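Enquirer: no FASTA, just this:
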């Protein structure tokens, strides 16, 4: 697996010394955040709400957001020191420890992936059970993405003939238009954009998968040791953002419009509304044991994780628990 090769190279050269964090011109502490993908997208709405609504600045942080590619590349950026925080699949901290490496997950941001699938074939019926996928071709973000892992898990557990066609982020609908897949699986707002163009939503992954630790915040142990206040500030701002999304949905819609100024109000409303109704963001950013262990079991079944491990091996919940107590809406 590509991530294992990346991990081996990083472990061979990694210096665990955490440098002093620079100060921005306005006195804020400047931190770099590595994010999955190549652009902003609605899946990470709490992060953008915290940025747009000034929650990070309120806690003394100036965020430099960098887009680094797939989930394994997010964690590699954190390991190499290119970023203090990573926003992506948090399971790579567990995979890293499985190989003798570093890394901690300090907060949870998404527990449901919010994936839907669209089709252009008018005869393709909505997918009501995993067996309805038998014989179909379905798109996925590249392995080892969470999307690929979950679809592959369904394929093996249900023993169905499902062809998973991988494509980079942003290339899912193109596969459908080229006739290379029967269902294009994507995240918002791509699904609502496709629906607005006349494609039919025929698949929702959520009913076929249990909530898991889908997206989290990853850091190095040395950052926790040398800059614990910085980690706490980041997690506090994220918890406040989640509170704001659910207590004032208008803020979520407003941030969605800022992210995608070129989209119609109809598409933004549909995309944000679908995500809020699915409750893909947990009320609290604490990494609960049940969600984490469910994620580990998925990766154990796929072979990406070799050995079971307790949650506290790769998770540090101290910051999220403090945020829940100090800034959570249900104190």
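Expert: Nice, thanks for sending it over. Just so it is clear, the structure is predicted and the values come from calculations on it, not from any experiment.

Enquirer: who's in contact with stretch 59-68?
Expert: Here stretch 59-68 makes contact (CB atoms under 8 Å, 6 or more residues apart in numbering) with 24, 26, 28-40, 51, 56, 74, 76-77, 82-83, 230, 233-234, 236-237. For glycine as for every other residue, the C-beta is placed from the backbone atoms N, C-alpha and C.

Enquirer: Okay, and which of those map to helices?
Expert: Among the contacts of stretch 59-68, DSSP state H puts 51, 56, 74, 76, 77, 230, 233, 234, 236, 237 in helices.

Enquirer: and the spatially most central residue of the chain, what are its phi and psi?
Expert: Compute the mean C-alpha point of the chain, and by CA atoms, centre = their mean the closest residue is residue 215, 3.4 Å away. Phi and psi for residue 215, reported as degrees, to the nearest 10, are phi -130, psi 140.

Enquirer: That one: what's it in contact with?
Expert: Contacts of residue 215 were listed using CB under 8 Å, 6+ apart, and they are 36, 43, 44, 87, 88, 89, 90, 108, 109, 110.

Enquirer: Contacts only, for the third one.
Expert: Same thing as residue 44. Contacts of residue 44 by CB under 8 Å, 6+ apart are 35, 36, 87, 109, 110, 215.

Enquirer: Now the second one. Nearest residue, chain neighbours left out?
Expert: I take that to be residue 36. residue 88 (4.1 Å; CB to CB, 6 or more residues apart in numbering).

Enquirer: So what's the residue count around that neighbour?
Expert: Per other CB atoms under 10 Å, the neighbour tally for residue 88 reads 29.

Enquirer: likewise residue 102?
Expert: 19.

Enquirer: do residue 194 as well
Expert: Neighbour count of residue 194, defined by other CB under 10 Å: 24.

Enquirer: what's the following helix or strand after the host helix or strand of it?
Expert: Residue 194 is part of helix 190-196, with elements assigned from DSSP states H and E. Remark: after helix 190-196, the chain's next helix or strand is strand 200-204, criterion DSSP H and E.

Enquirer: So which residues make contact with that next one?
Expert: Contacts with strand 200-204, where a contact means CB under 8 Å, 6+ apart, come from 115-120, 122, 124-127, 133, 138, 183, 185, 191, 195.

Enquirer: Grab the two from the ones in helices among the contacts of stretch 59-68 that are most spread out in space.
Expert: Greatest spacing in the ones in helices among the contacts of stretch 59-68, by CB to CB: 76 and 236 (26.5 Å).

Enquirer: about what we covered before: same for the helix holding residue 194, what does it pack against?
Expert: Contact analysis of helix 190-196 by 3 or more CB pairs under 8 Å, 6 or more residues apart in numbering; DSSP states H and E lists strand 116-119, helix 172-177, helix 265-278 as its packing neighbours.

Enquirer: from the chain's centre, how far out does it sit?
Expert: Computed by CA atoms, centre = their mean, to the nearest Å, the chain-centroid distance of helix 190-196 equals 20 Å.

Enquirer: And what about the closest residue to residue 28 other than its chain neighbours, helix, strand or coil?
Expert: Once flanking residues are discounted, residue 28 sits nearest to residue 62: 3.9 Å by CB to CB, 6+ apart. With DSSP: H, G, I helix; E, B strand; the rest coil as the basis, residue 62 sits in strand.

Enquirer: Also residue 87?
Expert: For residue 87, the secondary-structure state derived from three-state DSSP is strand.

Enquirer: One more: the one 10 residues further on?
Expert: The three-state label given to residue 97 by three-state DSSP is helix.

Enquirer: could you list every residue that touches it?
Expert: 103, 309, 313, 314.

Enquirer: Just the mean pLDDT for the helix or strand hosting residue 48, thanks.
Expert: Assigned by DSSP H and E, residue 48 belongs to helix 45-52. Mean pLDDT, helix 45-52: 97.

Enquirer: Number the residues from 230 up from this point.
Expert: Got it, the first residue is 230 from now on, which makes the last one we talked about helix 274-281.

Enquirer: the inter-axis angle of that helix versus helix 494-507?
Expert: On the basis of axes from the mean of the first three to the mean of the last three CA atoms, to 10 degrees, helix 274-281 is oriented at 120 degrees to helix 494-507.

Enquirer: Return the distance of helix 274-281 from the chain's centre.
Expert: That offset, for helix 274-281, works out to 14 Å (CA atoms, centre = their mean).

Enquirer: show me what contacts the residue with the largest distance to the centre of the chain?
Expert: In terms of distance from the mean C-alpha position of the chain, residue 352 ranks first, at 32.8 Å (CA atoms, centre = their mean). Neighbouring residues of residue 352 by CB under 8 Å, 6+ apart: there are none.

Enquirer: Which of the three states applies to it?
Expert: Counting by three-state DSSP, the backbone at residue 352 sits in coil.

Enquirer: any idea how far residue 411 is from it?
Expert: Counting by CB to CB, to the nearest Å, the separation of residue 352 from residue 411 is 11 Å.
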